[in-house]
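Engineer: With the sequence up front, the predicted model follows.
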Amino acid sequence: MARSRWGKCKDCKWFQIEPAAEPSNNTMGLCIDEDLLRFRLRVSGNSGCNRFIEGKVAHAKGSSKAPPLAAATR
């Protein structure tokens, strides 16, 4: 499936944040896209890219650390 739609992380299924966090522009989290996970990208909800897939964000402890410590939950 080609991914050519740009969108913000706070609305993306590949955005993983702390368990009690709500996705917002300033929320920091880990990008868990399969092709980008190896880079351990720490991004904000206001970040975005063309790998965007609309969906519910994931949650895992350590996702907002610098560098992120969480494993991907998807």
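Structural biologist: Sure thing, it's come through. Numbering: from 1, shown residues only.
Engineer: Which parts of the protein are strands?
Structural biologist: Assigned by DSSP state E, the strands in the chain fall at 7-8, 15-17, 28-31, 42-44, 48-49, 58-59.
Engineer: what helices or strands is the fourth one leaning on?
Structural biologist: This means strand 42-44. strand 28-31 (3 or more CB pairs under 8 Å, 6 or more residues apart in numbering; DSSP states H and E). Glycine gets a C-beta too; all of them are placed from N, C-alpha and C.
Engineer: Tell me the gap between the strand it packs on and the middle of its chain.
Structural biologist: 4 Å (CA atoms, centre = their mean, to the nearest Å).
Engineer: CA-only coordinates of it in PDB, if you can.
Structural biologist: Listed next in PDB are the C-alpha coordinates belonging to strand 28-31 (Å, rounded to 0.1, in the frame of the first residue of the first chain):
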ATOM      1  CA  MET A  28       6.300  13.800  22.800                       C
ATOM      2  CA  GLY A  29       6.400  10.200  21.700                       C
ATOM      3  CA  LEU A  30       8.000   7.500  19.600                       C
ATOM      4  CA  CYS A  31       7.300   6.900  15.900                       C
END
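Engineer: No further questions, thank you.
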